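1. Here you go, sequence then predicted model.
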Amino acid sequence: MKEQIFIGEKITEVIPANSTLKIGNRETTVFEYSNLTDSDTSIQIDTSKWETGTFSVVLNKSGAISISTTDIIDPLAVTDELNHCKMMIKEIDQVIEDRTKNAVTTVTINNKTIVNESLDALYKVRSLYVKRANDILKKKNKKGGIFKSITVFRG
């Protein structure tokens, strides 16, 4: 079974003879299939109704149990989180720009007020959002992120 499954994709899996495949956790089972024949069976699994989370993949083949895990990801939720990170980075950049011009001593972002935060603190918060955005993109694309690190000049 794949380590990462996106909701909506179709997966083809070979179920060994006389075995049961179960994907779930303590509260929820997202998939279960029993192959009671004497030959391996190839099945196509529809993931469109699955829920997000990390689940165990348990294969019970005549009493021999193998266990692995898989992450089920909602591709739309990943995009929402990425957009949130991009928006926060843009707003923090604006605060940093205003602070370097000494134009703003307080600012409100998403109902949170930042009062006289040092530039160092703002750069740290920004770097956390950059890291989160890059991590999202790495998971999504299996490639590098789109944001580059920043250099902090201290005077």
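-> Cool, got the structure.
2. Tell me which other helices or strands whichever strand or helix holds residue 60 touches.
-> In the assignment (DSSP states H and E), residue 60 maps to strand 53-61. In this structure, strand 53-61 packs against strand 19-24, strand 64-73, with contacts taken as 3 or more Cβ pairs under 8 Å, 6 or more residues apart in numbering; DSSP states H and E. (Glycine included, C-beta is placed from N, CA and C.)
3. Now mean pLDDT too, for those strands, in a markdown table please.
-> Putting those into a markdown table (pLDDT from 0 to 100) gives the following:
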| stretch | mean pLDDT |
| --- | --- |
| strand 19-24 | 93 |
| strand 64-73 | 90 |
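4. out of those, deepest packed?
-> strand 19-24 (a mean of 19; mean count of other Cβ atoms under 10 Å).
5. For it, which helices and strands make contact with it?
-> Using 3+ Cβ pairs under 8 Å, 6+ apart, strand 19-24 sits against strand 29-35, strand 53-61.
6. Bridged to the nearest residue to residue 54 once chain neighbours are set aside, which residues?
-> Counting by Cβ to Cβ, 6 or more residues apart in numbering, residue 71 is the residue found nearest to residue 54 once chain neighbours are left out, at 5.3 Å. Bridge pairing for residue 71 (DSSP bridges) gives the partners residue 4, residue 54.
7. re the thing from before, now distance to residue 132 too, for the helices and strands packed on strand 53-61, in a markdown table please.
-> Shown next, in a markdown table, are the helices and strands packed on strand 53-61 (distance: least, Cβ to Cβ, whole Å):
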| stretch | distance to residue 132 |
| --- | --- |
| strand 19-24 | 28 |
| strand 64-73 | 15 |
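8. With respect to residue 137, which of those lies nearest?
-> When the helices and strands packed on strand 53-61 are compared by Cβ to Cβ, strand 64-73 sits nearest residue 137, at 13.1 Å.
9. Can you tell me what sits against that closest one?
-> Strand 64-73 has contacts (Cβ atoms under 8 Å, 6 or more residues apart in numbering) with 1-7, 23, 30, 47, 50-59, 139.
10. Could you pull out the buried residues of the longest helix along the chain?
-> For the chain, the helix with the greatest residue count under DSSP state H is helix 75-100. Using 16 or more other Cβ atoms under 10 Å as the test for burial, helix 75-100 gives 78, 82, 85, 88, 89, 91, 92, 95, 96, 99.
11. Tell me which helix or strand the most far-flung residue of the chain relative to its centre sits in.
-> Distance from the centre of the chain peaks at residue 38, with 38.8 Å (Cα atoms, centre = their mean). Using DSSP H and E, residue 38 sits within no helix or strand.
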